[in-house]
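K.L.:
structure, please.
(2 chains)
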2 protein chains.
Amino acid sequence: MPKINAERLLNDLKTLRSIGAVETGVVRPALSEKDLEARRWLKQRFEEAGLDTTLDGVANVIGRSTKNGPALIVGSHSDTQPRGGWLDGALGVIYGLEVARALAEDPETSDLAVDVVSWQDEESRFYGCLGSRSWIGVADSEVEAKATDRDGVKLTDALAAAGLTDVPRARMEEGRYVGYLEAHIEQGAWLEEAGEQIGVVTSIVGIRGMTLTFEGEQNHAGTTTMARRKDAATALFKAASRIHEEFPKHAKPTTVWTIGRVSIEPGAASIVPGYAELTLQFRDSEDALLDKYEEIVEEIVAAINAEGRVKAAATRNRTPVRPSDMDDGFQQHLAAAAEKTSPGKWRRMPSAAGHDPMVLVDALPCAMLFIPSIDGISHDFAEDSHEEDIVAGCQVLADAAASILKTAQEKS
Amino acid sequence: MPKINAERLLNDLKTLRSIGAVETGVVRPALSEKDLEARRWLKQRFEEAGLDTTLDGVANVIGRSTKNGPALIVGSHSDTQPRGGWLDGALGVIYGLEVARALAEDPETSDLAVDVVSWQDEESRFYGCLGSRSWIGVADSEVEAKATDRDGVKLTDALAAAGLTDVPRARMEEGRYVGYLEAHIEQGAWLEEAGEQIGVVTSIVGIRGMTLTFEGEQNHAGTTTMARRKDAATALFKAASRIHEEFPKHAKPTTVWTIGRVSIEPGAASIVPGYAELTLQFRDSEDALLDKYEEIVEEIVAAINAEGRVKAAATRNRTPVRPSDMDDGFQQHLAAAAEKTSPGKWRRMPSAAGHDPMVLVDALPCAMLFIPSIDGISHDFAEDSHEEDIVAGCQVLADAAASILKTAQEKS
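P.N.:
Numbers count the residues shown, from 1 in each chain, chains lettered A, B, ... in the order given. Predicted structure coming up:
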């Protein structure tokens, strides 16, 4: 089986880290100058690995193997958060490159086709997962036309500034691929806390978002008796507390929910609030639980309305993200490879964060592998992983890619 | 006993209302052009009533009776909220003027000394109760030097623009006064709900303000398990709910508490809040209950800290306002006068809003009278009262003023 080159892997990761480096982190948002510089460097590096490489109309970097299929496409994204960590998407892109190189160098696997990719804008500067959406043909042209970053810069202007307006977009070649593999840092602390090295992702959790509004009556905080008040904030606190009481009754250890934003109006010490609003988000690998939580929220809202004091309402504030199941067969290949490299130090686990496979799963079987994040930190300059885990994860991915492709060859 | 002139009273109120009128409300913040115009008109009107009138260095308008003491000083303030109601302070100022005129016109009371006043900036554009503080010599020159309105305009600049910098400030003449009387709209709905016409104020409630802070750990709302979270907002919701559970156990029907301002940081749907803050205010006529509430807040904060997840703290965010007891003797005069004009339709009650007697009570016996507010509304363009209540209130105040001064004469 192929042997990855740890030194080459780490050197490539460090070179990529240097493009847009700020302190210990990386600032390389989609279509920024540093993002484009990184993608041009990746294109060159993919070509040096013998891949036919395209930088397409959204700046996806796609390195195509010269071997015939069945092929795997392996990678992640090289754009970052506004103040991102050095590994996040970069790890999976360089893993893909190293897996392609390692398989090509081993006579036993040199005939296997591994394409490598860095998708564009996974981090939603303009339009989350634009690159993978574009590649499978589900990017929405109306959304693209309106998309802006948080400073109001338009996606279309950023593409034009990068000289990409008339560059063709790469599209998935039907029939070529057996599937997509992506490795990523865990971004949580399950593996580290358990002393484990590899996570085999079972699914990417679904996400629902709701906004709860409370309409009361603004009033003087001295002269309005408690009995007469229609205090929107009090209703909000009650709803929030009820959510935190009810949700745990149905939660798995991996289920999460967050009230991340609250607004109280007019927001003055001496005025009884007339309006209040909160933003609730919840994630789980099972759609049925997400449905249940929406029902619980509706019940809490109904109970507040039944009191007849404040008018409450709950509405979805985002298109629901359905849980994305990773391919069972691929999971078995990853599990076998993990057991070989890290015997007894791996687990199956859901991904609590979103990734390009949420999009790609509609077109291809997908699988993901996690390595531990130090202190569970990500989307932060402090994000890091141990070198031995980085190396082990790449070896597992290479072994799994080889066995997936061997199996596919045997079947075809 | 003196008979007030209802038509003259209502006409003066309507003329004052026209200065700074906006829709059904009045915009006459302290030291604005309209405030100064109103005060110059009041000065003229006081002089027409035979009072020696001064517009002093903070634009207090003080009309001094030519009669010897013992004197009462009767009035309120003519400055308004940024979008104020037409009666608020104006009612009490014109009542004072009408009481002085009515007593002067009646041979039986024409020897009684009633001074009339409109205090400056009761509504805290720059420095709450500046006028009454200045008059009794407790205005803080350091506070004055730093005071600005919410747009950053300095008090000292506003006084200079009004040509008042070198105008002397009136000071209370020691020995002249038996006390201070002020009438006001209730600003609440106790009287209206009971079908009553007069409130005899027993005390002005004390006010305490606290800021509760919650320091947790900002984190990814997907990958951070519930077990690992240090969610500052969740702690805030718990504290708020506990306040709303515990405070009612000790409350009187007139006790009030308000959480009027909340801040959650960083305030994003996908981020576990790392910091949260709320502003709590509570008011009651008994200092002991306010002490108890501070203790309860400290207990709630301690319980959250004991959980060891989020670091909570509570601090006072304003100088406590102590409850101000109104003079018992004056209350009896007001009660007797109320029973005469509105038999069976008056009550003793605390004032839940602040007024100049909170300041003046340190220098003089004070008393207050309320008339009903329609729907309990104040500090709003919709503020209003029924004309029969306006007339009745003024008659009660005149009768009480006469009997207080007669009694004082008999004693001296």
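K.L.:
near chain B, which residues of the stretch 301-412 of chain A are found?
P.N.:
A:317, A:318, A:352, A:353, A:354, A:376, A:378, A:379 (CB under 8 Å from any CB of the partner chain). Yep, even glycine has a C-beta here, placed from its N, CA and C like the rest.
K.L.:
tell me where the stretch 301-412 of chain A has strands.
P.N.:
Using DSSP state E, counting those that start in this stretch, the strands found in the stretch 301-412 of chain A span residues A:311-316, A:324-325, A:346-351, A:366-371.
K.L.:
need those in JSON lines (columns: mean pLDDT).
P.N.:
Below are these laid out as JSON lines (pLDDT from 0 to 100):
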{"stretch": "strand A:311-316", "mean pLDDT": "98"}
{"stretch": "strand A:324-325", "mean pLDDT": "96"}
{"stretch": "strand A:346-351", "mean pLDDT": "96"}
{"stretch": "strand A:366-371", "mean pLDDT": "98"}
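K.L.:
looking at these, which is buried most?
P.N.:
When the strands of the stretch 301-412 of chain A are scored by mean count of other CB atoms under 10 Å in any protein chain shown, the highest mean neighbour count falls to strand A:366-371 (a mean of 27).
K.L.:
would you mind writing the CA trace of it as PDB?
P.N.:
Taking Å, rounded to 0.1, in the frame of the first residue of the first chain, the C-alpha atoms of strand A:366-371 are listed here in PDB:
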ATOM      1  CA  CYS A 366     -18.800  11.300  -0.100                       C
ATOM      2  CA  ALA A 367     -16.800  10.500   3.000                       C
ATOM      3  CA  MET A 368     -14.800  12.500   5.500                       C
ATOM      4  CA  LEU A 369     -12.000  11.900   7.900                       C
ATOM      5  CA  PHE A 370     -11.100  14.100  11.000                       C
ATOM      6  CA  ILE A 371      -7.900  14.600  12.900                       C
END
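K.L.:
that strand pairs with which strands, and in what direction?
P.N.:
If you go by DSSP bridges, strand A:366-371 pairs up with strand A:177-185 (parallel), strand A:198-204 (antiparallel).
K.L.:
buried stuff in the helix or strand that the shortest one is followed by?
P.N.:
This means strand A:198-204. Counting by DSSP states H and E, the element after strand A:198-204 in chain order, helix or strand, is strand A:206-215. Burial within strand A:206-215, assessed by neighbour count using 16 or more other CB atoms under 10 Å in any protein chain shown, is assigned to A:206, A:207, A:208, A:209, A:210, A:211, A:212, A:213, A:214.
K.L.:
tell me the most buried of the strands paired with strand A:366-371?
P.N.:
strand A:177-185 (a mean of 27).
K.L.:
just the CA trace of that strand, in CSV.
P.N.:
What follows is strand A:177-185, C-alpha atoms only, in CSV (Å, rounded to 0.1, in the frame of the first residue of the first chain):
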residue,chain,number,x,y,z
TYR,A,177,-16.1,9.5,-10.3
VAL,A,178,-16.6,6.8,-7.7
GLY,A,179,-16.8,9.5,-5.1
TYR,A,180,-15.4,12.4,-3.1
LEU,A,181,-13.1,12.2,0.0
GLU,A,182,-12.3,15.1,2.3
ALA,A,183,-10.1,15.3,5.4
HIS,A,184,-10.5,18.1,7.9
ILE,A,185,-9.5,19.1,11.4
